[in-house]
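> I'll drop the sequence and a predicted model, then ask my questions.
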Amino acid sequence: MPCLNEAKTLGNCIRKAQAALERHGLAGEIVVGDNGSTDGSQDIARNLGARVVEVPVKGYGAALMGAIAAARGHYLIMADSDDSYDWSAIWPFVEKLREGYDLVMGNRFSGGIQPGAMPWLNRYLGNPVLTGLGRLFFQAPARDFHCGMRGFTKEAAERMALRTTGMEFASEMVVKAALLGLKIAEVPVTLSPDGRGRPPHLRRWRDGWRHLRFMLLYSPRWLFLIPGGLMMLLGILLMGWLLPGPRQVGDVTLDVHTLLYGAMMVLMGYQAVLFAVFTKVFAISEGLLPSDPRLEKLYRIITLEVGLTAGLVLTLMGLAGSVYAVWSWGQTHFGPLQPTETLRTIIPALLALVLGIQTIFSSFFLSVLGLKRR
């Protein structure tokens, strides 16, 4: 149980959990990760036989990580100590864990949310959107990403190597479980209004952003690769459409100015794709993401030499286009130019030149990142 000044509700949560352990004949202990309470929560927990772990680092995730590290059981159940979750209903979690699941998520939307237990903005916008993004980004089967009541094995917790100290801890656990391919199940849980009688620790917008930020940082594919790939594709299509000559769309004429924007889209998209590869390689090498067999295969195919060759070819293409543009200018005795004609040569040539040089430097940088892997 994470705890920060929960004197009004902590005792009730502990008694419910103890009664559930006794009712189902489970051998277990109550571990409270205390985050520096000043209202006597620690004494309440100790007097009821719970073990209190003092966690100096502030935050929901920090308190839970302290308690998880200190827990001695094989199966661990976590939930808030504000009496919003029913600690007497732990049996479904134990059943699923005994069936072999590594992580068992509670689902408040299937179990029931009592009136006043969750603000409507969180219920109908925040949680569904963040859960939908989490399922899309990581193919996680959880339908309530931020349910605070969940169970997991001690081994699974150690494999996940959880790090975040704030509210995004809830997302991190689901994301890492999905990335590691752990078995995830769901059970319905009921959410009741908490018994604190004061505002919750949760800050809607700040914590919502921290959840979203975490998911984006752990998904280079959705943060960089897919937007970058789409931008490159649109830029290439736009350039291919405008290179032969101006195009009329209604009363608007699109010409070399739009062609330049197309080239910039290709360039920015290419940079985003490179960022996706850099981030993925770095995150894997630092243990933040599990290894990816597809990336390993790509690494074996696209070596430094292949990257340098591709970069050199692009650079030569850019130089050839530039030389041709100068030669064309010479045919007019270096007089005034027709921008609509010359820019159709110069823009693709400069784009190829920049992409080539970027590819050469990126190939060297990727090789530096990959030194740790060899």
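Yep, it's here. Residues are numbered from 1 along each chain as shown.

> now Arg46, nearest residue through space, not along the chain?
Val52 (5.8 Å; Cβ to Cβ, 6 or more residues apart in numbering). In short, each C-beta sits where N, CA and C put it, glycine included.

> for that neighbour, pull up the helix or strand it's in.
strand 51-54 (DSSP states H and E).

> roughly how far is that strand from the heart of the chain?
Taking Cα atoms, centre = their mean, to the nearest Å, one finds strand 51-54 lying 31 Å from the centre of the chain it belongs to.

> and it, what's buried?
52-53 (16 or more other Cβ atoms under 10 Å).

> and what of stretch 79-98?
Buried, per 16+ other Cβ under 10 Å, within stretch 79-98: 79-87, 89-90, 92-94, 96-97.

> do stretch 338-354 as well
342-354.

> out of those, what pair is the most spread apart?
Thr342 and Val354 (18.1 Å; Cβ to Cβ).

> let me see the ranges of the helices in the stretch 51-200 of the chain.
Using DSSP state H, counting those that start in this stretch, the helices of the stretch 51-200 of the chain run over residues 60-70, 91-98, 108-111, 120-121, 127-138, 154-160, 169-179.

> now tabulate those helices in CSV and tack on mean pLDDT and distance to Ile14.
Output for the helices of the stretch 51-200 of the chain, formatted as CSV (pLDDT from 0 to 100; distance: least, Cβ to Cβ, whole Å):
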stretch, mean pLDDT, distance to Ile14
helix 60-70, 96, 13
helix 91-98, 97, 17
helix 108-111, 95, 22
helix 120-121, 88, 31
helix 127-138, 93, 27
helix 154-160, 95, 21
helix 169-179, 94, 22
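
> distance to Val326 added to those, as CSV?
Output for the helices of the stretch 51-200 of the chain, formatted as CSV (distance: least, Cβ to Cβ, whole Å):
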stretch, distance to Val326
helix 60-70, 60
helix 91-98, 71
helix 108-111, 66
helix 120-121, 61
helix 127-138, 48
helix 154-160, 59
helix 169-179, 52
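
> ok, which of those comes nearest Gly208?
Using Cβ to Cβ, the helices of the stretch 51-200 of the chain put helix 127-138 closest to Gly208, at 6.9 Å.

> quick one: residues in contact with the worst-scoring helix or strand of the chain on mean pLDDT.
The weakest-scoring helix or strand in the chain, judged by mean pLDDT, DSSP states H and E, is helix 293-301 (a mean of 82). Contacts to helix 293-301, defined as Cβ atoms under 8 Å, 6 or more residues apart in numbering, come from residues 280-281, 284, 370, 373.

> out of those, the closest to Val57 would be?
Ile284 (26.5 Å).

> what about the closest one, which helix or strand?
Using DSSP H and E, Ile284 sits within helix 256-285.

> just want the angle from that helix to helix 293-301.
If you take axes from the mean of the first three to the mean of the last three Cα atoms, to 10 degrees, helix 256-285 sits at 100 degrees to helix 293-301.

> packing partners of helix 256-285?
Contact here means 3 or more Cβ pairs under 8 Å, 6 or more residues apart in numbering; DSSP states H and E; on that basis helix 256-285 packs against helix 220, helix 226-242, helix 293-301, helix 339-370.

> tell me which helix or strand the residue nearest to the spatial centre of the chain sits in.
Compute the mean C-alpha point of the chain, and by Cα atoms, centre = their mean the closest residue is Met215, 1.9 Å away. Assigned by DSSP H and E, Met215 falls within helix 204-217.

> contact partners of the helix or strand that comes right after that helix?
For helix 204-217, the succeeding helix or strand toward the C-terminus, using DSSP H and E, is helix 220. Helix 220 is contacted by residues 275-277, 279-280, 283 when judged by Cβ under 8 Å, 6+ apart.

> how about the residue of the chain most remote from its centre, phi and psi?
Farthest-out residue of the chain from its mean C-alpha position, per Cα atoms, centre = their mean: His333, at 57.7 Å. His333 adopts backbone torsions of phi 60, psi 30, taken as degrees, to the nearest 10.

> quick revisit: residues in contact with the residue nearest to the centre of the chain?
Met215 neighbours (Cβ under 8 Å, 6+ apart): 130, 133-134, 137-138, 171, 175.

> list just the nearest of the residues you listed to Leu4.
Nearest member of the contacts of Met215 to Leu4, counting by Cβ to Cβ, is Ser171, at 19.9 Å.

> residue contacts, Met265?
Neighbouring residues of Met265 by Cβ under 8 Å, 6+ apart: 231-232, 234-235, 238.

> how about a cut-off of 6 Å?
Applying Cβ atoms under 6 Å, 6 or more residues apart in numbering, we find Met265 in contact with 231, 234-235.

> what about it, distance to Gln271?
11 Å (Cβ to Cβ, to the nearest Å).

> quick one: low-confidence parts of the stretch 251-374 of the chain?
Low-confidence segments of the stretch 251-374 of the chain (pLDDT under 70): 371-374.

> 90 - rerun?
Within the stretch 251-374 of the chain, the segments meeting pLDDT under 90 span 280-303, 329, 331-341, 366-374.

> neighbours around Lys8, how many?
Residues lying near Lys8 (other Cβ atoms under 10 Å) number 17.

> over to it. Which of the three states is it?
coil (DSSP: H, G, I helix; E, B strand; the rest coil).
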